[in-house]
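In: Need the 3D shape of this:
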Amino acid sequence: MVFKKMLGALGVGGPSVDTVLSNPNTRPGLPLSGQVNLTGGTSDVELAHITVGLVTRVEVDAGGGDHAALGEFHRAAVAGRTRLAAGQQLSIPFQVDMPWETPVTDVFGQRLHGMTMGLRTEVAIDRAVDKGDLDPIAVHPLPVHERILEAFSGLGFRFKTADLEYGRIHGVHQTLPFYQAIEFWPAPQYGHGIAEVELTFVTNPHTVEVVLEFDKRGGMFTGGHDAYGRYTVPHSHAETANWAQVVDGWVRQALDQRQSFYASHGGGHHDMPGQHGMAGHGHGHRGGGMGGVVAGAALGVAGGLVAGEIIEEAFEDDGGDFGDFGE
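Out: Below is the predicted model of the structure:
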(Lines give C-alpha, C1' and ligand atoms only; values in the text may rest on other atoms or scores of the structure.)
Protein backbone atom coordinates (compact mmCIF):
# COMPACT_ATOMS: atom_id res chain seq x y z
CA MET A 1 0.00 0.00 0.00
CA VAL A 2 1.16 3.53 -0.72
CA PHE A 3 0.14 6.68 1.08
CA LYS A 4 0.90 10.18 -0.04
CA LYS A 5 0.57 13.05 2.36
CA MET A 6 1.49 16.70 2.39
CA LEU A 7 3.57 17.29 5.48
CA GLY A 8 1.28 19.26 7.75
CA ALA A 9 4.26 20.65 9.65
CA LEU A 10 4.92 23.02 6.75
CA GLY A 11 1.34 23.48 5.52
CA VAL A 12 0.40 24.35 1.94
CA GLY A 13 3.36 24.26 -0.41
CA GLY A 14 5.36 21.96 1.83
CA PRO A 15 6.95 18.67 0.80
CA SER A 16 5.00 15.42 0.48
CA VAL A 17 5.90 11.85 1.38
CA ASP A 18 5.03 8.45 -0.11
CA THR A 19 5.89 5.35 1.90
CA VAL A 20 6.01 2.17 -0.16
CA LEU A 21 6.45 -1.29 1.38
CA SER A 22 8.24 -3.92 -0.70
CA ASN A 23 5.89 -6.49 0.83
CA PRO A 24 3.40 -5.77 3.63
CA ASN A 25 3.64 -9.41 4.81
CA THR A 26 6.23 -10.41 7.37
CA ARG A 27 6.83 -12.61 10.43
CA PRO A 28 8.32 -12.07 13.90
CA GLY A 29 12.09 -11.78 13.69
CA LEU A 30 12.10 -11.09 9.94
CA PRO A 31 12.71 -7.76 8.18
CA LEU A 32 10.11 -5.43 6.73
CA SER A 33 11.52 -3.24 3.96
CA GLY A 34 10.42 -0.42 1.74
CA GLN A 35 11.26 3.12 0.75
CA VAL A 36 10.24 6.61 1.73
CA ASN A 37 9.75 8.81 -1.34
CA LEU A 38 9.93 12.55 -0.69
CA THR A 39 8.92 15.33 -3.07
CA GLY A 40 10.06 18.84 -2.29
CA GLY A 41 7.52 21.64 -2.02
CA THR A 42 7.78 25.23 -3.16
CA SER A 43 10.84 26.03 -1.06
CA ASP A 44 13.95 24.31 0.28
CA VAL A 45 13.65 22.64 3.69
CA GLU A 46 15.94 20.77 6.04
CA LEU A 47 14.46 17.62 7.57
CA ALA A 48 15.69 16.87 11.10
CA HIS A 49 15.05 13.14 10.79
CA ILE A 50 12.85 10.48 9.19
CA THR A 51 11.82 7.37 11.12
CA VAL A 52 9.34 4.54 10.69
CA GLY A 53 7.54 2.94 13.62
CA LEU A 54 5.39 -0.14 14.22
CA VAL A 55 2.02 0.84 15.64
CA THR A 56 -0.77 -1.29 17.07
CA ARG A 57 -3.75 -1.09 19.40
CA VAL A 58 -3.28 -2.23 23.00
CA GLU A 59 -5.79 -2.75 25.80
CA VAL A 60 -4.70 -0.70 28.81
CA ASP A 61 -6.22 -1.13 32.26
CA ALA A 62 -6.91 2.40 33.45
CA GLY A 63 -8.33 2.40 36.96
CA GLY A 64 -11.25 0.03 36.86
CA GLY A 65 -11.76 -0.37 33.13
CA ASP A 66 -9.88 -1.25 29.96
CA HIS A 67 -9.58 1.12 27.04
CA ALA A 68 -7.90 0.75 23.66
CA ALA A 69 -4.85 2.91 23.07
CA LEU A 70 -2.85 3.35 19.90
CA GLY A 71 0.83 2.73 20.58
CA GLU A 72 4.15 2.69 18.77
CA PHE A 73 6.24 -0.18 20.13
CA HIS A 74 9.27 -0.27 17.82
CA ARG A 75 10.96 2.18 15.48
CA ALA A 76 13.86 2.38 13.05
CA ALA A 77 15.77 5.35 11.65
CA VAL A 78 15.42 6.01 7.92
CA ALA A 79 17.54 9.15 7.64
CA GLY A 80 19.09 11.82 9.80
CA ARG A 81 19.31 15.49 8.89
CA THR A 82 18.48 15.76 5.20
CA ARG A 83 18.32 18.72 2.83
CA LEU A 84 15.30 18.62 0.48
CA ALA A 85 15.32 21.23 -2.29
CA ALA A 86 12.18 22.69 -3.80
CA GLY A 87 10.67 20.18 -6.21
CA GLN A 88 13.39 17.60 -5.54
CA GLN A 89 12.45 13.92 -5.59
CA LEU A 90 14.30 11.77 -3.08
CA SER A 91 13.87 8.04 -2.41
CA ILE A 92 15.32 6.58 0.81
CA PRO A 93 15.25 2.79 1.40
CA PHE A 94 14.66 1.37 4.88
CA GLN A 95 14.46 -1.93 6.70
CA VAL A 96 12.76 -2.67 10.01
CA ASP A 97 13.71 -5.87 11.84
CA MET A 98 10.47 -7.07 13.39
CA PRO A 99 10.83 -7.77 17.14
CA TRP A 100 10.58 -11.47 17.92
CA GLU A 101 7.63 -10.73 20.22
CA THR A 102 5.66 -8.94 17.48
CA PRO A 103 2.06 -10.19 17.75
CA VAL A 104 0.58 -12.25 14.94
CA THR A 105 -2.19 -10.55 12.96
CA ASP A 106 -2.95 -13.07 10.19
CA VAL A 107 -3.31 -16.86 10.38
CA PHE A 108 -4.04 -19.18 7.45
CA GLY A 109 -4.72 -16.21 5.21
CA GLN A 110 -7.27 -14.64 7.55
CA ARG A 111 -6.95 -11.54 9.73
CA LEU A 112 -7.42 -12.40 13.41
CA HIS A 113 -10.48 -10.58 14.70
CA GLY A 114 -9.34 -7.85 17.07
CA MET A 115 -5.83 -7.48 15.62
CA THR A 116 -4.40 -4.63 13.58
CA MET A 117 -0.88 -3.46 12.81
CA GLY A 118 0.63 -0.62 10.82
CA LEU A 119 3.82 1.18 9.92
CA ARG A 120 3.86 4.92 10.50
CA THR A 121 6.36 7.31 8.92
CA GLU A 122 7.50 10.24 11.03
CA VAL A 123 9.18 13.29 9.51
CA ALA A 124 10.61 16.00 11.77
CA ILE A 125 11.25 19.53 10.54
CA ASP A 126 12.95 21.73 13.15
CA ARG A 127 10.75 21.23 16.23
CA ALA A 128 7.67 20.19 14.30
CA VAL A 129 6.98 16.46 13.97
CA ASP A 130 4.59 15.11 11.35
CA LYS A 131 3.30 11.60 12.00
CA GLY A 132 2.00 10.26 8.69
CA ASP A 133 -0.86 7.91 8.00
CA LEU A 134 -0.60 4.25 8.87
CA ASP A 135 0.45 1.74 6.23
CA PRO A 136 -1.18 -1.63 7.09
CA ILE A 137 1.04 -4.68 7.50
CA ALA A 138 0.30 -8.36 8.10
CA VAL A 139 2.35 -10.39 10.59
CA HIS A 140 2.14 -14.12 9.92
CA PRO A 141 3.07 -16.84 12.44
CA LEU A 142 6.42 -18.58 12.55
CA PRO A 143 6.38 -22.34 11.83
CA VAL A 144 6.17 -23.33 15.50
CA HIS A 145 3.29 -20.88 16.07
CA GLU A 146 1.54 -22.29 13.01
CA ARG A 147 1.87 -25.91 14.14
CA ILE A 148 0.45 -25.12 17.58
CA LEU A 149 -2.44 -23.11 16.15
CA GLU A 150 -3.16 -25.90 13.66
CA ALA A 151 -3.24 -28.38 16.53
CA PHE A 152 -5.77 -26.31 18.48
CA SER A 153 -7.93 -26.06 15.37
CA GLY A 154 -7.54 -29.76 14.55
CA LEU A 155 -8.60 -30.71 18.07
CA GLY A 156 -11.82 -28.73 17.60
CA PHE A 157 -11.06 -25.47 19.41
CA ARG A 158 -12.83 -22.52 17.81
CA PHE A 159 -11.17 -19.13 17.56
CA LYS A 160 -12.98 -16.44 19.57
CA THR A 161 -10.90 -13.26 19.40
CA ALA A 162 -7.43 -11.84 19.97
CA ASP A 163 -6.13 -8.71 21.65
CA LEU A 164 -3.01 -7.13 23.08
CA GLU A 165 -2.85 -6.53 26.81
CA TYR A 166 -0.52 -4.00 28.37
CA GLY A 167 1.52 -5.63 31.14
CA ARG A 168 3.88 -8.47 31.93
CA ILE A 169 3.44 -12.19 32.45
CA HIS A 170 5.06 -13.17 35.73
CA GLY A 171 8.19 -15.25 35.27
CA VAL A 172 8.44 -14.74 31.50
CA HIS A 173 11.12 -12.50 29.99
CA GLN A 174 9.48 -9.90 27.74
CA THR A 175 11.06 -7.16 25.65
CA LEU A 176 7.75 -5.49 24.74
CA PRO A 177 5.42 -3.89 27.29
CA PHE A 178 2.42 -5.97 26.19
CA TYR A 179 1.51 -9.54 25.22
CA GLN A 180 -0.98 -11.09 22.84
CA ALA A 181 -3.89 -13.20 24.08
CA ILE A 182 -5.51 -15.50 21.48
CA GLU A 183 -8.81 -16.78 22.84
CA PHE A 184 -10.58 -20.02 21.91
CA TRP A 185 -13.90 -21.63 22.67
CA PRO A 186 -13.25 -25.18 23.92
CA ALA A 187 -13.47 -28.27 21.75
CA PRO A 188 -16.45 -30.54 22.54
CA GLN A 189 -14.31 -33.25 24.16
CA TYR A 190 -13.02 -30.73 26.72
CA GLY A 191 -16.13 -28.58 27.04
CA HIS A 192 -17.28 -30.22 30.25
CA GLY A 193 -14.24 -28.89 32.07
CA ILE A 194 -13.17 -25.72 30.22
CA ALA A 195 -15.16 -22.61 29.40
CA GLU A 196 -12.43 -20.75 27.50
CA VAL A 197 -8.72 -20.98 26.66
CA GLU A 198 -6.24 -18.14 26.18
CA LEU A 199 -3.01 -18.79 24.31
CA THR A 200 0.03 -16.48 24.44
CA PHE A 201 3.31 -16.78 22.55
CA VAL A 202 6.38 -14.98 23.91
CA THR A 203 9.03 -15.57 21.27
CA ASN A 204 12.81 -15.17 21.18
CA PRO A 205 15.36 -16.22 18.54
CA HIS A 206 15.70 -19.74 19.99
CA THR A 207 12.45 -20.70 21.71
CA VAL A 208 8.81 -19.82 22.21
CA GLU A 209 7.27 -19.58 25.66
CA VAL A 210 3.73 -20.94 25.28
CA VAL A 211 1.52 -19.64 28.10
CA LEU A 212 -1.97 -21.08 28.50
CA GLU A 213 -4.78 -19.89 30.72
CA PHE A 214 -7.83 -22.12 31.09
CA ASP A 215 -11.11 -20.84 32.49
CA LYS A 216 -12.31 -24.01 34.20
CA ARG A 217 -15.97 -24.72 34.75
CA GLY A 218 -17.22 -25.34 38.27
CA GLY A 219 -18.91 -28.54 39.33
CA MET A 220 -21.90 -29.20 41.54
CA PHE A 221 -19.84 -28.75 44.69
CA THR A 222 -16.89 -26.74 43.39
CA GLY A 223 -16.53 -23.28 41.93
CA GLY A 224 -14.86 -22.50 38.66
CA HIS A 225 -11.26 -21.29 38.64
CA ASP A 226 -8.38 -20.63 36.30
CA ALA A 227 -5.64 -23.13 35.52
CA TYR A 228 -2.33 -22.28 33.93
CA GLY A 229 0.45 -23.89 31.95
CA ARG A 230 3.74 -22.61 30.61
CA TYR A 231 5.85 -24.55 28.13
CA THR A 232 9.19 -23.77 26.47
CA VAL A 233 9.29 -24.95 22.86
CA PRO A 234 12.42 -24.72 20.66
CA HIS A 235 11.87 -23.48 17.10
CA SER A 236 13.61 -26.65 15.89
CA HIS A 237 10.67 -28.78 17.08
CA ALA A 238 8.20 -27.12 14.72
CA GLU A 239 8.34 -29.92 12.15
CA THR A 240 9.26 -32.87 14.36
CA ALA A 241 6.67 -33.00 17.16
CA ASN A 242 3.24 -34.60 17.08
CA TRP A 243 1.51 -31.33 17.85
CA ALA A 244 -2.00 -32.71 18.20
CA GLN A 245 -0.68 -35.05 20.92
CA VAL A 246 1.35 -32.28 22.57
CA VAL A 247 -1.52 -29.78 22.73
CA ASP A 248 -3.97 -32.47 23.87
CA GLY A 249 -1.52 -33.25 26.68
CA TRP A 250 -1.36 -29.61 27.71
CA VAL A 251 -5.15 -29.35 27.84
CA ARG A 252 -5.67 -32.60 29.72
CA GLN A 253 -2.98 -31.59 32.19
CA ALA A 254 -4.99 -28.44 32.92
CA LEU A 255 -8.19 -30.46 33.31
CA ASP A 256 -6.44 -32.71 35.82
CA GLN A 257 -5.33 -29.83 38.00
CA ARG A 258 -7.18 -29.96 41.30
CA GLN A 259 -6.53 -26.30 42.04
CA SER A 260 -5.18 -23.36 40.10
CA PHE A 261 -1.82 -23.38 41.92
CA TYR A 262 -0.97 -26.96 40.96
CA ALA A 263 0.51 -28.38 37.76
CA SER A 264 2.27 -31.69 37.23
CA HIS A 265 5.47 -31.87 35.18
CA GLY A 266 5.50 -33.90 31.97
CA GLY A 267 1.92 -35.00 31.37
CA GLY A 268 1.27 -35.66 27.71
CA HIS A 269 4.31 -34.00 26.15
CA HIS A 270 7.22 -36.32 26.82
CA ASP A 271 8.26 -35.99 23.17
CA MET A 272 9.14 -32.33 23.79
CA PRO A 273 12.37 -32.23 25.82
CA GLY A 274 13.10 -28.97 27.54
CA GLN A 275 9.47 -28.13 28.24
CA HIS A 276 8.10 -27.51 31.66
CA GLY A 277 4.67 -26.89 33.05
CA MET A 278 4.44 -23.99 35.48
CA ALA A 279 1.20 -22.98 37.09
CA GLY A 280 1.27 -19.54 38.61
CA HIS A 281 2.89 -18.05 35.53
CA GLY A 282 -0.31 -17.30 33.73
CA HIS A 283 -1.75 -14.00 32.65
CA GLY A 284 -3.82 -13.07 35.68
CA HIS A 285 -5.56 -10.25 33.82
CA ARG A 286 -9.18 -9.13 33.71
CA GLY A 287 -9.31 -9.39 37.46
CA GLY A 288 -9.03 -13.17 37.57
CA GLY A 289 -6.27 -15.66 38.14
CA MET A 290 -3.30 -15.09 40.39
CA GLY A 291 -2.23 -11.57 39.65
CA GLY A 292 0.49 -12.70 37.28
CA VAL A 293 0.59 -9.48 35.28
CA VAL A 294 2.29 -6.42 36.73
CA ALA A 295 1.29 -3.51 34.47
CA GLY A 296 3.18 -0.28 34.33
CA ALA A 297 6.12 -1.35 36.47
CA ALA A 298 9.77 -1.79 35.50
CA LEU A 299 9.01 -2.27 31.83
CA GLY A 300 12.51 -1.40 30.70
CA VAL A 301 13.33 -0.51 27.12
CA ALA A 302 11.32 -1.51 24.02
CA GLY A 303 12.63 -0.71 20.56
CA GLY A 304 14.85 2.11 21.82
CA LEU A 305 11.98 3.88 23.61
CA VAL A 306 11.73 3.91 27.38
CA ALA A 307 8.44 2.28 28.34
CA GLY A 308 7.38 5.28 30.39
CA GLU A 309 7.69 7.45 27.30
CA ILE A 310 5.70 4.93 25.31
CA ILE A 311 2.84 5.07 27.77
CA GLU A 312 2.88 8.85 28.11
CA GLU A 313 3.39 9.72 24.46
CA ALA A 314 2.78 6.83 22.10
CA PHE A 315 0.00 4.95 23.88
CA GLU A 316 -2.28 7.91 23.58
CA ASP A 317 -5.90 7.50 22.57
CA ASP A 318 -5.59 8.02 18.86
CA GLY A 319 -7.98 5.41 17.53
CA GLY A 320 -8.98 7.53 14.56
CA ASP A 321 -5.75 6.62 12.79
CA PHE A 322 -7.04 3.09 12.42
CA GLY A 323 -9.57 4.26 9.88
CA ASP A 324 -6.81 3.43 7.41
CA PHE A 325 -7.26 -0.24 8.28
CA GLY A 326 -10.92 -0.35 7.33
CA GLU A 327 -12.00 -1.03 10.89
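In: got a list of what the residue nearest the centre of the chain touches?
Out: Nearest to the mean C-alpha position of the chain, by Cα atoms, centre = their mean, lies Pro103 at 2.5 Å. Neighbouring residues of Pro103 by Cβ atoms under 8 Å, 6 or more residues apart in numbering: Thr56, Met115, Met117, Val139, Ala162, Leu164, Gln180. Backbone N, C-alpha and C define where each C-beta goes, glycine included.
In: what distance separates stretch 162-176 from the centre of its chain?
Out: 9 Å (Cα atoms, centre = their mean, to the nearest Å).
In: Tell me where the stretch 1-150 of the chain has strands.
Out: With DSSP state E, counting those that start in this stretch, the ranges of strands along the stretch 1-150 of the chain come out as 2-6, 16-21, 25-26, 31-39, 45-47, 49-61, 66-79, 82-84, 89-97, 106-107, 110-111, 117-125, 128-136, 138-139.
In: Among those strands, which comes closest to Asp248?
Out: Closest to Asp248 of these is strand 106-107 (Cβ to Cβ; 19.9 Å).
In: and the closest one, how far out from the chain's middle?
Out: Using Cα atoms, centre = their mean, the distance between the centre of strand 106-107 and that of its chain works out at 12 Å.
In: which stretches of this structure aren't confidently modelled?
Out: 1-13, 62-64, 217-225, 257-327 (pLDDT under 70).
In: Please repeat the previous calculation with a cut-off of 50.
Out: Where the chain drops to pLDDT under 50, the residues are 1-4, 6, 9, 218-224, 258-327.
In: Got the domain ranges for it?
Out: The domain map for the chain lists 2-140, 143-256, with the assignment taken from automatic domain parsing.
In: now the end-to-end length of the shortest one.
Out: Going back to what we said before, that points to domain 143-256. This stretch, domain 143-256, spans 29 Å end to end (Cα to Cα, to the nearest Å).
In: shift numbering so it begins at 5
Out: Okay, using 5 as the starting number, the last item reads as domain 147-260.
In: chain center to that domain: distance?
Out: Distance, stretch centre to chain centre, for domain 147-260: 16 Å (Cα atoms, centre = their mean).
In: Same question for the longest one.
Out: Offset of domain 6-144 from its chain centre (Cα atoms, centre = their mean): 17 Å.
In: For the closest residue to Ser47 other than its chain neighbours, grab the count of nearby residues.
Out: Nearest residue to Ser47, sequence neighbours excluded (Cβ to Cβ, 6 or more residues apart in numbering): Ala90, at 5.3 Å. Applying other Cβ atoms under 10 Å, we find 12 residues neighbouring Ala90.
In: for Tyr232, same thing?
Out: The tally of other residues near Tyr232 (other Cβ under 10 Å) stands at 28.
In: Also Phe218?
Out: Phe218: 26 surrounding residues under other Cβ under 10 Å.
In: which helices and strands sit right next to the helix or strand hosting it?
Out: Assigned by DSSP states H and E, Phe218 belongs to strand 211-220. With contacts taken as 3 or more Cβ pairs under 8 Å, 6 or more residues apart in numbering; DSSP states H and E, strand 211-220 sits against helix 147-158, strand 198-207, strand 229-238, helix 247-260.
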